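Undergrad: structure for this input, please:
(one chain, ligands or ions: 1)
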Amino acid sequence: MLLAQITDLHIKPRGRLAYRKVDTAQCLETAVRAVLAVSPAPDLVLVTGDLVDAGRPEEYGLLREILSSIRLPLFLMPGNHDARAPLRAGFPDHRYLGTDGHIHYAIEDFPLRLLALDSLIDGQGGGRLGAAQLDWLDRRLAEQPDRPTLVAVHHPPFTTGIGHMDKIGLEDAAGLAGVIGRHVQVERVLSGHLHRAIQTRFAGTLASTAPATAHSVALDLRPDAPSAFSLEPPGYQLHWYQPSAGLISHTAAVGDWPGPFPFFENGVLID
Ligand SMILES: [Fe+2]
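TA: Reported below is the predicted structural model:
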């Protein structure tokens, strides 16, 4: 099973650059082409939030247009830049999004079970799951204790060292750790929000963030780091699951890079 994770698309209304610098629609088109060129094809594509930049209906319209070339199972999650009602209105055929309240759901169709959570607090940068959603997660995990499971939440439940992002982290990360720590079948907690690839131990499992399809959050580990972005190579992650091997995660840069080139010629390593 192969899961492609893309995140932090930050789509703006057509023709508008994000932060006056980033053509996020073009970035997403390039990332989608890269994901569609992956062979073997992913079994599903998971988008871990910040689908658009300001939760506007027209942004979701453009997002839908760009994502329409993905003919694979596609699952969307909200981030802090999203708004639930316009997201649902833009994707009425995505029934798993539900009709009101938090957008959390379970995907049971694949060898690895997927539980997606909603950390959006309307109008705020930081995230929170809330007691009801944590209880939902606990009950879902208790249902199938032997089934390897991915938990996805836009805001990572750990401190990253990038000060301005940690100030808008996940408020109830300790609550999430309490739930995850009770369920050993959780293979990984997947997040976005940081626009960079980061990983750490978390509650007996691993937690990680994926690079964005657009701009990166600047890598600046000073506690008073200014809020800033950079135009590093964008990327996505491929999470490859085999029951015998476990969950193996690859980070891929999106771009027009030279290669691949052979290591060997006539059976001999090129010197
Ligand atoms: Fe973001």
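Undergrad: show me what contacts Ala212?
TA: 7-10, 50, 192, 195-196, 234-235 (CB atoms under 8 Å, 6 or more residues apart in numbering). C-beta: built from backbone N, CA, C; applies to glycine.
Undergrad: is it possible to mark the buried ones in these?
TA: Buried members of the contacts of Ala212, scored by 16 or more other CB atoms under 10 Å, are 7-10, 50, 192, 195-196, 234-235.
Undergrad: just checking, Asp224 touches Lys167?
TA: No - at 10.5 Å, Asp224 does not count as touching Lys167 under the criterion of CB atoms under 8 Å.
Undergrad: the two: which is more packed in?
TA: Set side by side, Asp224 and Lys167 show more neighbours around Lys167, with 11 against 7, by other CB atoms under 10 Å.
Undergrad: helices of the stretch 151-271 of the chain, residue ranges please.
TA: Taking DSSP state H, counting those that start in this stretch as the test, the helices found in the stretch 151-271 of the chain are 163-166, 173-180.
Undergrad: what about those helices, which gets the closest to Pro148?
TA: helix 173-180 (13.5 Å; CB to CB).
Undergrad: just the mean pLDDT for stretch 151-170, thanks.
TA: Taken as a whole, stretch 151-170 has an average pLDDT of 97.
Undergrad: does the ion sit close to that stretch?
TA: No - counting by CB under 5 Å from the ion, the ion has no neighbours in stretch 151-170; the shortest distance is 8.1 Å.
Undergrad: for that stretch, buried residues please.
TA: 151-158, 160, 162-166, 168-170.
Undergrad: for the most centrally placed residue in the chain, give me the pLDDT.
TA: Of all residues in the chain, the one closest to the mean position by CA atoms, centre = their mean is Thr48, 2.9 Å from it. Note on Thr48: pLDDT of 98.
Undergrad: need the contact partners of stretch 164-175.
TA: Against stretch 164-175 from outside (CB under 8 Å, 6+ apart): 80, 119, 124-131, 134, 153, 155-160, 176, 193-194, 217, 225-227.
Undergrad: so which of the buried residues of stretch 151-170 sit within strands?
TA: 151-152 (DSSP state E).
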